[in-house]
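Undergrad: Need a 3D model of the sequence below.
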Amino acid sequence: GSNAEEEHRLNETAVLDSLTLTPGVYDAATAVNMAASQTLTLDGQGNSNAVFVLRIHGALTLGAYGVVNLVNGAQPANVFWIVDGAVTIGAHTSIAGVMITPAAITLGANASVRGQVVSTSGAITLDSNTITIIEPFRDVDSHGHLDGVLSDGDFRRWVSGAASLTVDVPAIEAANTSPR
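TA: Residues are numbered from 1 along each chain as shown. Reported below is the predicted structural model:
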């Protein structure tokens with residue numbers, strides 16, 4: 001369908017600290033940061049099909065001990081981070097959603113992801129992380145538009161397209177869970 005989601009600009013400083021966002025498309029012209037021990041809340045407003053697209057035209061850095069909190073029906077499968085630059089997730093930070101970048105992705109020690117991290121051409125570096133894979137993986141183009149559903153084979157091709165995959169510990173927990 002063609003949901004005409006209202007497009008929003010992220011605040012001028014491109015800082016996610018203590019923000020609560022409602023469903024929609026959010027655009028940041030520059031790099032985006034969240035300081036240590038901060039929370040970004042995505043409020044589904046009672047709609048489990050609510051879609052959040054965060055389109056970031058630069059790097060994304062989330063500080064240590066941060067949280068991306070989904071409330072009121074928001075689902076990880078409907079949260080999309082479309083990032084042009086490198087993604088750095090701080091130690092012990094908990095995030096949700098599908099994160100896609102052409103650049104490197106680094107997850108700090110014990111950071112956790114409910115969703116997916118995909119680099120189309122950069123390295124993905126993990127360190128004692130827990131990644132809970134959600135389905136379905138939806139195709140999102142560079143403008144943040146949803147376009148169908150990627151097959152498992154497509155997802156594997158995207159992941160295998162990464163320049164390298166570094167895993168610092170042998171055991172990575174991955175649970176296949178379907179959204180409600």
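
Undergrad: Could you count how many residues lie near the closest residue to N129 other than its chain neighbours?
TA: Excluding the flanking residues, the one nearest N129 by C-beta to C-beta, 6 or more residues apart in numbering is L107, at 4.7 Å. Every residue, glycine included, has its C-beta placed from N, CA and C. Neighbour count of L107, defined by other C-beta atoms under 10 Å: 26.

Undergrad: Just grab the bridge partners of L107 for me.
TA: I89 (DSSP bridges).

Undergrad: Pretty sure A104 is one of the things A123 touches, is it not?
TA: Yes: using C-beta atoms under 8 Å, A123 is in contact with A104, at 4.9 Å.

Undergrad: between these two, which one's more packed in?
TA: A104 (19 against 15).

Undergrad: residues touching that one, list them.
TA: A86, V87, S119, G122, A123, I124, T125 (C-beta atoms under 8 Å, 6 or more residues apart in numbering).

Undergrad: Report the mean confidence score over stretch 91-111.
TA: For stretch 91-111, mean pLDDT rounds to 94.

Undergrad: what does stretch 32-46 give?
TA: Mean predicted lDDT for stretch 32-46 stands at 96.

Undergrad: Give me the contacts around it.
TA: The contact list for stretch 32-46 (C-beta under 8 Å, 6+ apart) reads 10, 14-23, 50, 52, 54, 56, 58-75, 79, 90, 96.

Undergrad: and V68, helix, strand or coil?
TA: Each residue gets one of three states, and V68 gets strand by DSSP: H, G, I helix; E, B strand; the rest coil.

Undergrad: so where does the residue lying closest to it once chain neighbours are set aside fall, helix or strand?
TA: Computed as C-beta to C-beta, 6+ apart, the closest residue to V68 that is not its neighbour in sequence is I95, at 4.4 Å. I95 belongs to strand 94-101 when assigned by DSSP states H and E.
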